[in-house]
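**Student:** compute the structure for the input listed below.
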Amino acid sequence: MRRVERRSVIASVNKEYDVIVVGSGSGAIIVDHALDQGLTVAMIDHGPLGGTCKNVGCIPSKMVIVPADRVMDIREAGKLGITAEIRSIDFLYIMERMRHQRLQDRELLKQQITEIPSLDYYDQTAHFVSERTLQIGDNRLHGD
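**Tutor:** Numbering: from 1, shown residues only. Below you'll find the predicted structure:
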């Protein structure tokens, strides 16, 4: 009996968008403006969602810097005639608070973007296959 080899055939899906944005950090500003104008939008970001500022830059660093600033305020309070002391600093708590907030922000952002009907979010890496056309897995996205 002859063995027949079966191949799985996955059809390529072509989707058209008014705007395609790569990145969910500063790119989210472009997404917001496009959505405000009633345009269809694809946002592509293999993660972590929110970009550098939200995940490893501005926001997480401030969540560590602010407690450090309070420590310095207390240490320098004597210059203002205030006697204060620091009994302990729970650095592990400070870091865990920052990590928890970062994760919570990502989850909220993902929930929000999946609820917008004219926005498709692709949590993958894309590459250009022609002018204004990106390939993501079996999907081809074309944007004006």
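**Student:** give me the contact list for the helix or strand bottoming out on mean pLDDT in the chain.
**Tutor:** Here the helix or strand of the chain ranked lowest by mean pLDDT, DSSP states H and E is helix 51-55, holding a mean of 87. Residues outside helix 51-55 that contact it (C-beta atoms under 8 Å, 6 or more residues apart in numbering): 23-28, 45, 48, 59, 102, 105-106, 109. In short, each C-beta sits where N, CA and C put it, glycine included.
**Student:** pull the most distant pair out of these.
**Tutor:** Gly27 and Arg102 (18.5 Å; C-beta to C-beta).
**Student:** and the lengthiest helix in the chain, what does it pack onto?
**Tutor:** Looking across the chain with DSSP state H, the single longest helix is helix 91-114. Helices and strands touching helix 91-114, by 3 or more C-beta pairs under 8 Å, 6 or more residues apart in numbering; DSSP states H and E, are helix 51-55, helix 58-75, strand 119-122.
**Student:** if we use 7 Å, what do you get?
**Tutor:** For helix 91-114, the contact count by 3 or more C-beta pairs under 7 Å, 6 or more residues apart in numbering; DSSP states H and E identifies helix 58-75, strand 119-122 as packing neighbours.
**Student:** out of these, which one sits most buried?
**Tutor:** strand 119-122 (a mean of 19; mean count of other C-beta atoms under 10 Å).
**Student:** so which elements touch that one?
**Tutor:** Packing partners of strand 119-122 (3+ C-beta pairs under 7 Å, 6+ apart): strand 41-44, helix 91-114.
**Student:** on that earlier part again, the helices and strands packed on helix 91-114: which one's closest to Gly81?
**Tutor:** Between Gly81 and those, the tightest spacing by C-beta to C-beta is seen for helix 58-75, at 13.7 Å.
**Student:** what does that closest one contact?
**Tutor:** Residues outside helix 58-75 that contact it (C-beta atoms under 7 Å, 6 or more residues apart in numbering): Cys53, Ala84, Ile86, Ile89, Ile94, Arg97, Met98, Gln101, Arg102.
**Student:** what does stretch 32-48 give?
**Tutor:** Outside stretch 32-48, the residues that touch it by C-beta under 7 Å, 6+ apart are 17-24, 27, 31, 55, 106, 113, 116, 118-126, 136, 141, 143.
**Student:** any of these buried? List them.
**Tutor:** 17, 19-24, 27, 31, 55, 106, 113, 119-122, 126, 136, 141, 143 (16 or more other C-beta atoms under 10 Å).
**Student:** many thanks, we can stop here.
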